[in-house]
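Enquirer: Coordinates only, no sequence provided:
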């Protein structure tokens, strides 16, 4: 690089009339802006921008130290940009042989710095993008991780986002990606919060988050819109304004909103495609049952099939979440294997598995103590964990009516005990479970139960990490998740 720079300085085209400065130019050039910040900024630039200023990625990656890096970057910029400037502007007085500007060669890095600074304004960090979009950093991260907000990763592992992609979303918010979380947020009436937590929304496939204060509910709506929003006492002024704001916000255009008022309709009545109004019921459990019944009437089953197993109401979106992981049918992964072995060890179980539940199959991503790659879904104990949407323990499966006729309870299997904790994707959809099985009836100690939940969470985090790694190679962004069977 130094020899190349010397060669450039000695070319007649670039030699100024006063040669006294050339002996010191290299030292002055190397000292110029030897700050690591400038190198990091350039390192985060995409290849097409680096090419525009005469850089290649190798010039940055191969730098051995901050001093070497500073020289390599700046020297390469100069080698790339000076010939271009001269060819395009050779008629300009600045570029004549007698030009005092060329006679002060070290001033050119200043102009290069300005040019780089302008280009860097077109590149945003995730925090910058979130600020411009008016969403939380976590929401922006989810959009980036799913590939719905274009980005690239710097050699240092940091995400960078084109400013134009963010401006496009601001200009047309209806095009913003909507990733619905598999949860329901409930703005409960005064004193009814704990009742809603206890009642839940069984069979919906949704996790429930409950608050009685508006400010807390607003925080629960981040980082991504919920699948379902329930607002009790919606006739109150502040709550009415809140519902109006949510209904007009394009980010929540796929969120189904239930409003409950003291003088509402006796049965749920649709006010719009995604807005349903109903009367407040005496108890949270009654209100929950009414919501579930309403959701069932909105279930779309295009196939017309009636499988011999239960399905959560968000099954279509859940299946899409399973597909997005790209784990079904994938090669063995020692990271999952270690966690499954740990589950077997801490629960003292002869069999342990990490399962994924597809439309009609249960596939084993990892297993200990059992041969075979999967079973049909109607054999799957983990389907019960899917429906419960929480850790499920069946101490003696022969006594459970839900499992009557399951062939795995008979020889040669003879399974009797089951415990499984849900494995979730980053949006909360239950993909399957980490489960343990025994051939003898038994129970789980509290510490064993907690350990199984923790291992399932570790598997969920590993899936998240795998998704982030896969996003770098994905050629097409995945579609926004929909609530699936719940549609107008």
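Expert: Received, thanks. The structure displayed is predicted, hence computed values, not measured ones.

Enquirer: Strands of the stretch 251-400 of the chain, residue ranges please.
Expert: With DSSP state E, counting those that start in this stretch, the ranges of strands along the stretch 251-400 of the chain come out as 256-261, 269-272, 275-279, 351-357, 361-368, 374-376, 392-394.

Enquirer: can you list these in TSV and add mean neighbour count, distance to residue 227 and mean pLDDT?
Expert: Heads up, the C-betas are built off the backbone N, CA and C, glycines and all. Shown next, in TSV, are those (neighbours: other C-beta atoms under 10 Å; distance: least, C-beta to C-beta, whole Å; pLDDT from 0 to 100):
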stretch	mean neighbour count	distance to residue 227	mean pLDDT
strand 256-261	22	7	94
strand 269-272	12	17	81
strand 275-279	19	14	91
strand 351-357	25	19	97
strand 361-368	21	24	96
strand 374-376	17	28	93
strand 392-394	20	22	96
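
Enquirer: Let me have those in TSV, extended by distance to residue 211.
Expert: Listed next are the strands of the stretch 251-400 of the chain as TSV, based on distance: least, C-beta to C-beta, whole Å:
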stretch	distance to residue 211
strand 256-261	15
strand 269-272	23
strand 275-279	20
strand 351-357	31
strand 361-368	36
strand 374-376	40
strand 392-394	27
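
Enquirer: So residue 318 sits against residue 429, correct?
Expert: Yes: the pair residue 318 / residue 429 is scored as a contact, 4.9 Å apart, by C-beta atoms under 8 Å.

Enquirer: shared neighbours, these two?
Expert: Jointly contacting residue 318 and residue 429 under the rule C-beta atoms under 8 Å, 6 or more residues apart in numbering are 182, 205.

Enquirer: sorry, back to before: out of the strands of the stretch 251-400 of the chain, the one nearest residue 288 is which?
Expert: Between residue 288 and the strands of the stretch 251-400 of the chain, the shortest separation by C-beta to C-beta is 10.6 Å, and it involves strand 256-261.

Enquirer: could you check the angle strand 275-279 makes with the closest one?
Expert: Relative orientation of strand 256-261 versus strand 275-279 (axes from the mean of the first three to the mean of the last three C-alpha atoms, to 10 degrees): 30 degrees.

Enquirer: going forward can the numbers begin at 322, since that is how I track them
Expert: Yep, numbering from 322; the last one is strand 577-582 now.

Enquirer: nearest residue to residue 669 other than its sequence neighbours?
Expert: With sequence-adjacent residues excluded and distances taken as C-beta to C-beta, 6 or more residues apart in numbering, residue 669 is closest to residue 769, at 7.7 Å.

Enquirer: And the helix or strand containing that neighbour, what does it pack against?
Expert: Assigned by DSSP states H and E, residue 769 falls within helix 767-792. In terms of contacts (3 or more C-beta pairs under 8 Å, 6 or more residues apart in numbering; DSSP states H and E), helix 767-792 is packed against helix 458-466, helix 636-646, helix 655-668, strand 738-745, strand 751-759.

Enquirer: tell me what the first one is packed against?
Expert: Helix 458-466 makes packing contacts with helix 447-454, strand 480-483, helix 767-792 when contacts are defined by 3+ C-beta pairs under 8 Å, 6+ apart.

Enquirer: mind running it again at 7 Å?
Expert: With contacts taken as 3 or more C-beta pairs under 7 Å, 6 or more residues apart in numbering; DSSP states H and E, helix 458-466 sits against helix 447-454, helix 767-792.

Enquirer: which parts of the shortest one are buried?
Expert: Going by neighbour count (16 or more other C-beta atoms under 10 Å), the buried part of helix 447-454 is 447, 449-451, 453-454.

Enquirer: now, which of those residues sits nearest residue 682?
Expert: residue 447 (36.7 Å).

Enquirer: Do I have it right that that closest one meets residue 458?
Expert: Yes: using C-beta atoms under 7 Å, residue 447 is in contact with residue 458, at 6.1 Å.

Enquirer: Now do the helices in the stretch 522-671 of the chain.
Expert: For the stretch 522-671 of the chain, the helices defined by DSSP state H, counting those that start in this stretch occupy 535-541, 558-569, 605-618, 636-646, 655-668.

Enquirer: same for the third one, what does it pack against?
Expert: Think helix 605-618. By 3+ C-beta pairs under 7 Å, 6+ apart, helix 605-618 packs against helix 514-520.

Enquirer: Kindly provide the whole-number mean pLDDT of the helix it packs on.
Expert: Helix 514-520 shows a mean pLDDT of 95 in the predicted model.

Enquirer: How about stretch 750-770?
Expert: 96.

Enquirer: quick one on the thing from earlier: what number of residues lie near the residue nearest to residue 669?
Expert: Look at residue 769: counted by other C-beta atoms under 10 Å, it has 18 neighbours.

Enquirer: so how far is residue 712 from it?
Expert: Per C-beta to C-beta, to the nearest Å, residue 769 is found 11 Å from residue 712.

Enquirer: try residue 670
Expert: 14 Å.

Enquirer: Those two - which one has more neighbours?
Expert: residue 670 (23 against 19).

Enquirer: Look at that one and report its pLDDT.
Expert: On the pLDDT scale, residue 670 gets 96.

Enquirer: Find the nearest non-adjacent residue to it, please.
Expert: Computed as C-beta to C-beta, 6+ apart, the closest residue to residue 670 that is not its neighbour in sequence is residue 757, at 3.7 Å.
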